[in-house]
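# Turn this into a model:
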Amino acid sequence: MKSPTHPRLKHGRISAAWRWLGQPAKGIVCVFACGLPGIPAWAAESPPGLSDSIQHLWKEATSSIQFGGFVSQGFLVNTGHNNYLGETSKGTFDFREYAVNASYAIGQFRFGMQVFGQKLGEYGDDKLDIDWATADYQPAQWFGLRAGRVKMPRGLYNEALDLDSVRPFVLLPQSVYDARLRDFNAAFNGAMIFGNIGLKKLGSLDYRVFYGDIPIATDSGASDYFNNDFPSASLDFKMDSVVGGSLFWNTPLSGLRVGYSYNSFENLRSTREATLQLSPLAPLARVVGTKQTDHYGRHLFSIEYTKGDWVLAAEAGREEAIYHIGTSGVRIADTDFTSNYFYVSAARRINRWLELGAYYSYSRDSESLIGSTTVQISKQPALTQADLALSARFDISDHLIFKLEGHYMDGAGKIFDTVQNPQPVAGRDAAWFLFAAKLTYSF
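Down below sits the predicted model:
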């Protein structure tokens, strides 16, 4: 299946109407697969004229359906004791993805769906889900409507997360494209307005504006990220809505585009369970509390330049929220959370079977108390992570690629301290190496 147009691809609740998106992917695919073969048989029993017309339409429709997919298996291992993206301190093969997709276009309408599964450490569990499923109507180049489970427009590559064949990297820069947050960042349930506005000699503008919501599993990477201030288990994790958009300028200089993306999660909240010592002399106690923010905003600035065999890119972003932490309906603390990050990358196609890439990625997360608190809460240190990565991609065939990648990691940030896998800041390695390998077959 051809993916939505992207400059790098030279190689190749809103309403009950969306509730079906929450159904198990296997069931939807089964209904689709089992029902289609019956249409020609039903048409054959119809009157001759009607039968010929239906079978003609059926043949025309099915010949226009495009199918595609991929399957990948990787390996991750790092030096030291940090478990990052899984049990990487011991080495892990729990690093794989697979998907199948289909699309159909007729006139101004386009329909598509992808079923996706993954295993990344303790996340994914090889469960098949609907990754995206959309219906598009685009009567003009400058205006279109898209609804369903829609890929989230964010930065240069968020809408192409699953297109492993268009980049040399095993892991995209994790400061922006954290692989553990894929089920949270990849798509939303809702609707989007999009289009391309021509500016004549000034190039063109690609815009997207969207509204929807994102179901969040309590055992997801997003849940662990949200609750990373203290090891706790989410009992529920919800939001009211997500709203945002992106604007990219395709400049008159061929290959150069710059853009800005924004999204906001409204009333993002979690009910969580933790073990706390409420006072110096008190024993440990089980506490059920809440962590909530009225508004979690994310800004991201992007630039990419493609010239011949070179692709140069850089992105910088900021996330910010005021968290309200409480228990038994009583607010006990407010904290100010900020995350600042950026990366710069370069990739070059050497020949038909080799592509090399490198990037430097940096992030800094900090959370500070606002005012006094009714319960003693320790100050959280600012956590940073600098990541220098070198990658090599080998094109074994048109459909099979193999990648090797090494990372020098400086800093103890981007590591989750969870109930299942405690990793307190004091026990983390400050400098370490991460190695990755990945084999991907696309069809």
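# separation between Ala186 and Val209?
Note on Ala186: its distance to Val209, by CB to CB, to the nearest Å, is 18 Å. To be clear about C-beta, it is placed using only N, CA and C from the backbone, and glycine gets the same treatment.
# cool, Phe226 as well?
From Phe226 to Val209 the distance is 26 Å (CB to CB).
# The two: which has the busier surroundings?
Phe226 (26 against 15; other CB atoms under 10 Å).
# That one reaches Phe237, doesn't it?
Yes: the criterion here is CB atoms under 8 Å, and Phe226 meets it with Phe237 at 7.0 Å.
# Overlap of the contact sets of these two?
By the contact definition CB atoms under 8 Å, 6 or more residues apart in numbering, Phe226 and Phe237 are jointly contacted by Ser270.
# Quick one: low-confidence residue ranges for the chain.
Counting by pLDDT under 70, the ranges of the chain that qualify are 1-63, 276-280, 282, 373-379.
# can we see that at 50?
Along the chain, the model assigns pLDDT under 50 to residues 1-40, 42-43.
# and the gap between Leu181 and Tyr84?
Taking CB to CB as the measure, Leu181 falls 14 Å from Tyr84.
# is it true that Arg180 lies in a helix?
Yes: counting by DSSP: H, G, I helix; E, B strand; the rest coil, Arg180 falls inside a helix.
# Find the nearest non-adjacent residue to it, please.
Gly221 (3.2 Å; CB to CB, 6 or more residues apart in numbering).
# what's the answer for Gly297, then?
Ser264 (4.8 Å).
# just Pro424 next, same as before
Asp417 (5.8 Å).
# what kind of secondary structure is the one you found in?
Going by three-state DSSP: Asp417 is coil.
# Surely it and Asn227 touch.
No: counting by CB under 8 Å, Asp417 does not reach Asn227; the two are 9.3 Å apart.
# Between the two, which has more neighbouring residues?
Using other CB under 10 Å, the more surrounded residue of Asp417 and Asn227 is Asn227, with 22 against 18.
# contacting residues around the residue nearest to the more buried one when sequence neighbours are not counted?
In this structure, Asn227 finds its nearest non-sequential neighbour in Arg272, 5.7 Å apart by CB to CB, 6+ apart. The contact partners of Arg272, by CB under 8 Å, 6+ apart, come to Asn227, Ser232, Ala233, Ser234, Leu235, Val288, Gly289, Thr290, Lys291.
# are any of those buried, and which?
Asn227, Ser232, Ala233, Ser234, Gly289, Thr290, Lys291 (16 or more other CB atoms under 10 Å).
# re the thing from before, surely the residue nearest to Arg180 is in contact with Tyr123?
Yes: with contact defined as CB under 8 Å, Gly221 and Tyr123 form a contacting pair (4.9 Å).
# shared neighbours, those two?
Arg180, Asp183.
# Which of the residues in stretch 115-133 are classified as buried?
115-124, 128-133.
# Mind listing residues that contact it?
For stretch 115-133, the surrounding residues in contact (CB under 8 Å, 6+ apart) are 21, 24-26, 28-29, 83, 85-88, 92, 94-101, 112-114, 148-151, 162, 179-180, 182-183, 186-187, 219-221, 420-421.
# need the strands for the stretch 101-250 of the chain, in chain order.
Assigned by DSSP state E, counting those that start in this stretch, the strands in the stretch 101-250 of the chain fall at 109-120, 129-140, 143-151, 187-198, 204-213, 233-238, 241-250.
# Among these, which comes closest to Gln385?
Taking CB to CB, strand 109-120 is the member of those nearest to Gln385, at 17.5 Å.
# My read is that Phe67 contacts Ala99, right?
No: with contact defined as CB under 8 Å, Phe67 does not reach Ala99; the gap is 11.3 Å.
# more crowded one of these two?
Taking neighbours as other CB under 10 Å, Phe67 and Ala99 compare with Ala99 leading, 19 against 10.
# which residues does that one contact?
Ala99 is in contact with Gly69, Phe70, Val71, Gln114, Val115, Phe116, Gly117, Asp131, Asp162, counting by CB under 8 Å, 6+ apart.
# Point out the other helices and strands that the host helix or strand of the second one packs with.
If I follow you right, that is Phe70. Element membership for Phe70 (DSSP states H and E) is strand 66-78. When contacts are defined as 3 or more CB pairs under 8 Å, 6 or more residues apart in numbering; DSSP states H and E, strand 66-78 sits against strand 95-106, strand 431-442.
# Pull out the buried positions in the first one.
Right, the one you point to is strand 95-106. Phe95, Arg96, Glu97, Tyr98, Ala99, Val100, Asn101, Ala102, Ser103.
# Next: the last one.
Across strand 431-442, burial judged by 16+ other CB under 10 Å covers Trp432, Leu434, Phe435, Ala436, Ala437, Lys438, Leu439, Thr440, Tyr441, Ser442.
# need the contact list for the fourth one.
Ala436 makes contact with Gly74, Phe75, Leu76, Phe95, Val170, Leu171, Lys403, Leu404, Glu405, Gly406, His407, according to CB under 8 Å, 6+ apart.
# Check the gap between the residue nearest to Gly297 and Lys151 for me.
18 Å.
# so how far is Gly297 from Ser261?
Taken as CB to CB, the span from Ser261 to Gly297 is 12 Å.
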